[in-house]
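# next comes the sequence, and after it the predicted model I'd like to discuss.
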Amino acid sequence: MVAAIELVELGVEEIGDHYGRFRLHAPEAERAMARSLRRYGQLSPMVVCLRQGRHELIDGFKRLGAARQLGEWDRLVVRVMEADDKAAKAAMYGLNRVGGRTTELEEAWIVYALVREDGLSQVEVAELLGRHKTWTSPSGSSTGSSRRRASAASSFTDSGTRALPLPFRTAFS
């Protein structure tokens, strides 16, 4: 179960990015966020969970990157959620799905991690993420995007992960 606990201010250095391995780095979007942060301030809280005693970011990667880039922000407002690894990955997917801000590759990384790291079946992953079971299955769907997502998730091999940027490589090695 995922439950929001509270809004708090954290130092930028107190916020980890363990789950950032499931997001593509978008330098231009981060620069745009930096301009927005400088002009308007932080308009919405980021979302974190506690993982091994550290606050780990679930939502707000561009805001955190922008704050670090600017160097003007010592503290940021975050919503702390109670979530284990599975729930954190599901929350990452759900929070970013609303605005259509995840790519098929990012979805594939989350699905892959839930299956490989957390031991869920593809059907359990689909249920956890609020999707139909065919969404994670290459053979059960007639949509190209479902086949591409499942194919990408199932094809992470040792040789294939060497081509990924370093933060992602360690996730799938």
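Now that the structure is in, tell me what you want to look at.
# tell me which element residue 6 is part of?
Taking DSSP states H and E as the criterion, residue 6 maps to strand 3-11.
# pairing partners for that strand, with directions?
When pairing is defined by DSSP bridges, strand 3-11 lines up against strand 75-82 (antiparallel).
# whichever helix or strand comes after the partner strand - contacts with which helices or strands?
Later in the chain than strand 75-82, the nearest helix or strand by DSSP H and E is helix 85-97. Packing contacts for helix 85-97, counted by 3 or more C-beta pairs under 8 Å, 6 or more residues apart in numbering; DSSP states H and E, involve strand 46-51, strand 54-59, strand 75-82, helix 104-116. Yep, even glycine has a C-beta here, placed from its N, CA and C like the rest.
# tell me the angle of helix 85-97 relative to strand 46-51?
If you take axes from the mean of the first three to the mean of the last three C-alpha atoms, to 10 degrees, helix 85-97 sits at 170 degrees to strand 46-51.
# from residue 114, how far off is residue 84?
Per C-beta to C-beta, to the nearest Å, residue 84 is found 12 Å from residue 114.
# let me see the domain layout of this protein.
Domain ranges of the chain: 1-101, 103-173, per automatic domain parsing.
# would you reformat the ones you listed as a markdown table and include mean pLDDT?
Shown next, in a markdown table, are those (pLDDT from 0 to 100):
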| stretch | mean pLDDT |
| --- | --- |
| domain 1-101 | 90 |
| domain 103-173 | 69 |
